[in-house]
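A.B. asks: Kindly return the folded structure for what I paste below:
(chains A, B, C and D)
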There are 2 protein chains.
Amino acid sequence: MDFQNIKIAVDAIVFGYEKSELYVLLIKQKYGVFKDSWCLPGGFVKDEESLTIAVQRELREEAGVSVNYLEQLYTFGDDVQRDPRARVISVAYFGLVNPETLSLQADTDAQDAQWFPFHSLPVLAYDHAAIVQKAIERLQAKLHYQPIGFDLLKPEFPFSDLEHLYQTILGKKLDRRNFRKKILSFDILEETDEFRSIGSGRPARLYRFNPTKYKALQKEGFLFEIKLKEKEKMDK
Amino acid sequence: MDFQNIKIAVDAIVFGYEKSELYVLLIKQKYGVFKDSWCLPGGFVKDEESLTIAVQRELREEAGVSVNYLEQLYTFGDDVQRDPRARVISVAYFGLVNPETLSLQADTDAQDAQWFPFHSLPVLAYDHAAIVQKAIERLQAKLHYQPIGFDLLKPEFPFSDLEHLYQTILGKKLDRRNFRKKILSFDILEETDEFRSIGSGRPARLYRFNPTKYKALQKEGFLFEIKLKEKEKMDK
DNA sequence: ACAAAAGTGTTCGCTTTACACCCATGT
DNA sequence: ACATGGGTGTAAAGCGAACACTTTTGT
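C.D. replies: The predicted structure follows:
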């Protein structure tokens, strides 16, 4: 069975979110044609390793990151030349992390793994720009029909965080009252007794996402679904 | 670069539709552990071949079929043992054909490629049952937000065909008037001057899907979206 | 004449949208 | 006191759901 000479790799695009900014985790290449350019974390799959494990291993090894949510995104193998060294097919995964992970990374002085604001990514090696493009589309789409936004927030968060997250990622302004009403109507959040105030302004009550309740409702045929008419386009 | 010993294959799950029945294309295995059992068409990717080309080639070689619609479904590579012979990762594709293809195949006396009604599939080799499962979910989901049903019908079709197609694939009864109203409101069908009657009953006007118009509308932000409350579950 | 499928409008209720003022805190 | 963000209700419009009879053909 030596008729085939194709290598299989996994790449991960991991999103983080903090203070109304969406971030992407990138790695600086150390060797090869693309030395010193940035790319998504990833690498070759081992013979006895499942794809999911491979991605998680690479994320740990290259960036010390473990994700809060992970799903397969797409397999890139139509461009035979996407890796100049050899024929490499890449199974891309899509991950989300809590803000804690973001801060941890910022503290490290490891220069070869870094969070970049989504709106100012450097030029990426290989076809990784295409992966990023596909990932942001998926993320935007999923926000509408899966309670995935919570995976980018701390376990307890003020409602406005969720609202800003949607606005940032979708690039739209939303009606605060309607958004809140809609999310609360799903009955998948529980309010805590805690409040938090950031600088000035009235302190905000903290909420917690209840995944158990969500799964239960899901089984009864409940659908998480948000349609959001944009008020106006956002600036940046 | 001989550190990796994983093979990469493509598999295709192709759906056909005719007379209120959904079909899946299967191939009878000729050799190996799974000799004489049925599985999805597919095979190993060649070194210089894109994934899409590989699927289309396999479909042509193994079943003489060319598809009307093709998209990547999912990459199966978490079960390291999914192929008992070696580590094989499979990129599964999802295809749709016109009824013409279905009839052509039925005429052939080639016994190793056959259309099976979706509701009475034989036991499948490898993990192909999982692929089928994922594919039907995708097909059902897509019917709601992409004008994909037309790819399973002849270019000109009576409205009732579309209606039955939705009912068959979703396994629900629909309200004829509401369904028709909704589809027509999209303004992506053009009516022809032809009529067709099948046996008794009033002849039906034939319609034609206009992909150009659809693409144009899409660019203007139009969304194909159908919500369909089921009237009752269907029998089979 | 009857059976079979095609074709067609209107009403009701719910969901989505639009919209503006008061509240609690920090400075 | 003022600036900043948090919190809340209501009315109008639009969309989805329910529902039954007439038309045209084959037998």
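
A.B. asks: Any part of the helix or strand in which A:Ile13 is found near DNA strand D?
C.D. replies: Following DSSP states H and E, one finds A:Ile13 within strand A:7-18. No: for strand A:7-18, no contact with DNA strand D is found by CB under 7 Å from any atom of the strand; the gap never falls below 14.8 Å. To be clear about C-beta, it is placed using only N, CA and C from the backbone, and glycine gets the same treatment.

A.B. asks: what packs against that strand?
C.D. replies: Strand A:7-18 is packed against strand A:21-28, strand A:42-44, helix A:51-63, strand A:88-96, helix A:99-107, helix A:128-145, helix A:159-170, with contacts defined by 3 or more CB pairs under 8 Å, 6 or more residues apart in numbering or on different chains; DSSP states H and E.

A.B. asks: What strands line up against the fourth one, and which way round?
C.D. replies: Partner strands and pairing direction for strand A:88-96 (DSSP bridges) are strand A:7-18 (parallel), strand A:69-76 (antiparallel).

A.B. asks: tilt between the first one and helix A:51-63?
C.D. replies: It refers to strand A:7-18. 60 degrees (axes from the mean of the first three to the mean of the last three CA atoms, to 10 degrees).

A.B. asks: what's the average pLDDT for strand A:7-18?
C.D. replies: Averaged over strand A:7-18, pLDDT sits at 97.

A.B. asks: Distance from the chain centre to it, please.
C.D. replies: Offset of strand A:7-18 from its chain centre (CA atoms, centre = their mean, to the nearest Å): 8 Å.

A.B. asks: and it with helix A:128-145, angle?
C.D. replies: Using the same axes, to 10 degrees: strand A:7-18 against helix A:128-145 is 50 degrees.

A.B. asks: which stretch in the helices and strands packed on strand A:7-18 has the least confidence?
C.D. replies: Comparing the helices and strands packed on strand A:7-18 by mean pLDDT, the weakest confidence falls on helix A:99-107, with a mean of 78.

A.B. asks: Return the residues of chain A in contact with DNA strand D.
C.D. replies: Neighbours of DNA strand D within chain A, by CB under 7 Å from any atom of the strand: A:158-160, A:176-178, A:180-181, A:195, A:198-205.

A.B. asks: Swap in 6 Å and give it another go.
C.D. replies: If contact is defined as CB under 6 Å from any atom of the strand, the residues of chain A in contact with DNA strand D are A:158-160, A:176-177, A:180, A:200-202, A:204-205.

A.B. asks: can you pick the most crowded of those residues?
C.D. replies: The most crowded member of the residues of chain A next to DNA strand D is A:Pro158, carrying 20 neighbours; neighbours defined as other CB atoms under 10 Å in any protein chain shown.

A.B. asks: hey, what's that one bridged with?
C.D. replies: With beta bridges defined as DSSP bridges, A:Pro158 has these partners: A:Leu206.

A.B. asks: how far away is it from B:Ala12?
C.D. replies: With distances taken as CB to CB, to the nearest Å, A:Pro158 is found 48 Å from B:Ala12.

A.B. asks: And for A:Asp112?
C.D. replies: 40 Å.

A.B. asks: Then A:Ala216?
C.D. replies: In this structure, A:Ala216 and B:Ala12 are separated by 37 Å, where distance is defined by CB to CB.

A.B. asks: who's more crowded, these two?
C.D. replies: When neighbours are counted by other CB under 10 Å, B:Ala12 comes out ahead of the other of A:Ala216 and B:Ala12, with 28 against 12.

A.B. asks: Noted, bye for now.
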